[in-house]
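Q: coords below, sequence missing:
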């Protein structure tokens with residue numbers, strides 16, 4: 001049986017390294033996972049005042065995440081934390097209080113950056129939020145991809161064999177995690 005996975009990428013940049021990493025993971029993943037990129041760049045900033053008539057973008061985002069059985073988060077690191085656009089998506093999806101679209105969905109986090117520590121700070125800040133959102137989150141293997149700008153060819157394809165192998169193993173572990181924790 002195929003399990004549906006929402007991929008949420010915390011970078012809006014046209015040539016995003018994190019989107020490239022997400023695409024490389026999809027290419028390396030086992031057949032039992034069906035991925036859908038859920039876009040967050042068009043989400044108006046969260047304000048409880050908008051809940052009376054939620055923006056269409058919020059409704060689209062919430063519906064797409066709700067339809068998924070699991071969520072893969074792929075994020076860069078901004079100032080040792082997650083980008084504001086990703087935090088906004090978390091706020092939009094977790095509200096109104098008690099109606100979180102994330103509740104109980106198995107999750108995994110990958111962080112990638114040009115730096116040597118691969119977005120470690122963002123990865124762990126995101127994990128704090130996922131704990132509150134009641135998302136059982138894959139613990140091992142951890143995925144911090146450093147020097148990400150050196151891993152792709154001119155066409156944006158992953159060219160580093162070690163990283164391909166790692167992402168394949170990560171995808172296998174995530175598939176098992178999703179199967180174990182899916183309702």
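A: Now that the structure is in, tell me what you want to look at. On a predicted model such as this, the values are computed, not experimentally measured, just so you know.

Q: any idea which residue is closest to the centre of the chain?
A: Per Cα atoms, centre = their mean, the C-alpha nearest to the average position across the chain is that of residue 73, at 1.3 Å.

Q: need phi/psi at the residue in the chain sticking out farthest from the centre.
A: Distance from the centre of the chain peaks at residue 52, with 28.0 Å (Cα atoms, centre = their mean). Here is the backbone geometry of residue 52 (degrees, to the nearest 10): phi -60, psi -30.

Q: identify the residues contacting residue 36.
A: Residue 36 sits next to 4-7, 64, 68 when contact means Cβ atoms under 8 Å, 6 or more residues apart in numbering. Just so you know, the C-beta spots here come from the backbone N, C-alpha and C atoms, and that holds for glycine as well.

Q: how near is the residue farthest from the centre of the chain to residue 58?
A: For residue 52, the distance to residue 58 equals 12 Å [Cβ to Cβ, to the nearest Å].

Q: return the subset of the contacts of residue 36 lying in strands.
A: Among the contacts of residue 36, the residues falling in strands (DSSP state E) are 4-7.

Q: what subset of the residues you listed is buried?
A: For the ones in strands among the contacts of residue 36, a neighbour count by 16 or more other Cβ atoms under 10 Å gives the buried set as 5-7.

Q: any chance of those residues in TSV, plus pLDDT and distance to residue 95?
A: Listed next are those as TSV, based on pLDDT from 0 to 100; distance: Cβ to Cβ, whole Å:
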residue	pLDDT	distance to residue 95
5	98	22
6	98	17
7	98	21
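
Q: just checking, what packs against the top helix by length along the chain?
A: Longest helix of the chain, by residue count under DSSP state H: helix 161-181. In terms of contacts (3 or more Cβ pairs under 8 Å, 6 or more residues apart in numbering; DSSP states H and E), helix 161-181 is packed against strand 3-9, helix 17-28, strand 33-37, strand 70-75, strand 107-112.
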